[in-house]
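A.B. asks: Mind looking at a prediction? Sequence and model below.
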Amino acid sequence: MAERTLHTWREDLLQNYQIRKTDAQKTAFIDHLAEIYGDRMHVEESGKFVKNRNIVIGDPDTASVVYGAHYDTCARLPFPNFITPKNFVIFLLYQIFVALVMIVPVILFSTGIGILMGFLKVPEFPAFLITEIVVVGLFILIFALMTQGPANPCTANDNTSGVVTVLALADRLADREDVCFVLFDNEEAGLFGSMEFAKKHKTVRDRTLLVNFDCVSDGDWLLILASKPARRTAAYGDFCESVRKFCASAEKFPLFAASGNAVYPSDQMNFKKYIAVAALKKTRTPLVGYYMDRIHTPKDTVFDERNLDVLTDIFADIGRFAL
């Protein structure tokens, strides 16, 4: 394989494989990686109702650490997915807002249908049945547009950044047989790819450290969200100190969080021992605090390569901590 750097991965994916939503787009990306990694890579297919194709480089069942990121891309939305991992109240309020965006049009439209049925003097039961069918149909339509609608054309942060990080680590640690790299499918549809992977590889699910990179290129604060089993390892404190040193040298800021005190909805949730990594911004007022924006919209164009440089430095060295 020709020598590749983090920068060349960035240019390759952003120019040629930035959208990975349809089966054809995913197949083109998988074929591209197969040409590069050859026998080192294989694809695990799973799922009865949702077809998953997880891309695996290495052997997860013998690995001491698994690096992961989702490679599927999302539908284009009229508003960003706004995430505040350390502020659950704001996170919940925004999710309520998203729900209202779905519910209010349905209520208004169904009310209009009810009024129309009354004007046409349709008997009560048929009118009720017609209204219910319309309500359910609208919910399905809106949900489908939000998850399976036209692809977002810009995916620099979500999650081309995570994919590039994993591939850069796969190249940097090519001689390490105790490390595995996985690109999960269908995270955007509901974490289905990582769910099937966890079912198949129970040792990884229950005992192996999984490091999940999701949206790591837009923000100077690097979230290191660790589950209790990861934090309980004897070397976790030394690992955190190493993170601080690497971040200081790159003028970035580490943000350590425990799984019980922060929320970040991504693939690590299907595993017990994990570290989730994301890039955040910080407001001047503590009302919101740390946040992520722009993703799921055409404004998702920020790709700060310095973030990925420091993350590959940090996690290429993680083996010595035996987390």
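C.D. replies: Thanks, I have it.

A.B. asks: all helices for the stretch 1-150 of the chain, in order.
C.D. replies: 6-16, 23-37, 88-119, 124-148 (DSSP state H, counting those that start in this stretch).

A.B. asks: Now tell me which of these the model trusts least on average.
C.D. replies: The weakest mean pLDDT among those belongs to helix 124-148, with a mean of 64.

A.B. asks: list the helices and strands the helix or strand that comes right after that helix packs on?
C.D. replies: Note on helix 124-148: by DSSP states H and E, the next helix or strand toward the C-terminus is helix 161-172. When contacts are defined as 3 or more Cβ pairs under 8 Å, 6 or more residues apart in numbering; DSSP states H and E, helix 161-172 sits against helix 6-16, strand 65-70, strand 179-184, strand 209-213, helix 305-316. C-beta coordinates here come from the backbone N, C-alpha and C atoms, glycine included.

A.B. asks: Show the contacting residues for the nearest residue to residue 158 once chain neighbours are set aside.
C.D. replies: Spatially, and ignoring its direct neighbours in sequence, residue 158 is nearest to residue 295 (4.0 Å; Cβ to Cβ, 6 or more residues apart in numbering). By Cβ atoms under 8 Å, 6 or more residues apart in numbering, the contact set of residue 295 is 74, 80, 81, 83, 157, 158, 215.

A.B. asks: could you point out where the stretch 101-250 of the chain is predicted with low confidence?
C.D. replies: Counting by pLDDT under 70, the stretch 101-250 of the chain contains low-confidence ranges at 106, 109-110, 113-114, 117, 121-132, 134-147.

A.B. asks: can you tell me how far the residue most central in space within the chain sits from residue 83?
C.D. replies: Nearest to the mean C-alpha position of the chain, by Cα atoms, centre = their mean, lies residue 214 at 4.4 Å. Counting by Cβ to Cβ, to the nearest Å, the gap from residue 214 to residue 83 is 10 Å.

A.B. asks: And residue 156, by the same measure?
C.D. replies: 16 Å.

A.B. asks: same question, residue 199
C.D. replies: 26 Å.

A.B. asks: And the two? Which one has more around it.
C.D. replies: Neighbours were tallied for residue 199 and for residue 83 using other Cβ atoms under 10 Å; the higher tally belongs to residue 83 (23 against 11).

A.B. asks: Report pLDDT for the nearest residue to the more buried one once chain neighbours are set aside.
C.D. replies: Of all residues beyond its chain neighbours, the one nearest residue 83 is residue 292 (4.4 Å), with distances taken as Cβ to Cβ, 6+ apart. Predicted confidence (pLDDT) for residue 292: 96.

A.B. asks: I figured residue 292 hits residue 82, correct?
C.D. replies: Yes - applying Cβ atoms under 8 Å as the test, residue 292 and residue 82 come out as touching, 7.2 Å apart.

A.B. asks: check contacts around the residue nearest to the centre of the chain.
C.D. replies: Contacts of residue 214 (Cβ under 8 Å, 6+ apart): 69, 70, 158, 159, 162, 187, 264, 266, 267, 276, 277, 278.

A.B. asks: quick one, what contacts the fourth one?
C.D. replies: So the one you mean is residue 159. With the criterion set at Cβ under 8 Å, 6+ apart, residue 159 makes contact with 69, 70, 71, 73, 187, 213, 214, 215.

A.B. asks: where's the fourth one relative to residue 318, distance?
C.D. replies: By that I understand residue 73. From residue 73 to residue 318 the distance is 27 Å (Cβ to Cβ).

A.B. asks: Next: the second one.
C.D. replies: Distance from residue 70 to residue 318, counting by Cβ to Cβ: 20 Å.

A.B. asks: more crowded one of those two?
C.D. replies: residue 70 (30 against 22).

A.B. asks: Show me what that one is bridged to.
C.D. replies: The partner list for residue 70 in beta bridges (DSSP bridges) reads residue 184.

A.B. asks: rewinding a little: most surrounded residue in the contacts of residue 214?
C.D. replies: Most surrounded of the contacts of residue 214: other Cβ under 10 Å gives residue 159, at 32 neighbours.

A.B. asks: do you know how far that residue is from residue 206?
C.D. replies: 25 Å.

A.B. asks: do residue 189 as well
C.D. replies: For residue 189, the distance to residue 206 - Cβ to Cβ - is 24 Å.

A.B. asks: Looking at these two, which has the bigger crowd around it?
C.D. replies: Each of residue 189 and residue 206 has its neighbours counted (other Cβ under 10 Å); residue 189 has more, 16 against 12.

A.B. asks: distance of the more buried one from residue 265?
C.D. replies: For residue 189, the distance to residue 265 - Cβ to Cβ - is 13 Å.

A.B. asks: likewise residue 15?
C.D. replies: Counting by Cβ to Cβ, the gap from residue 15 to residue 265 is 29 Å.
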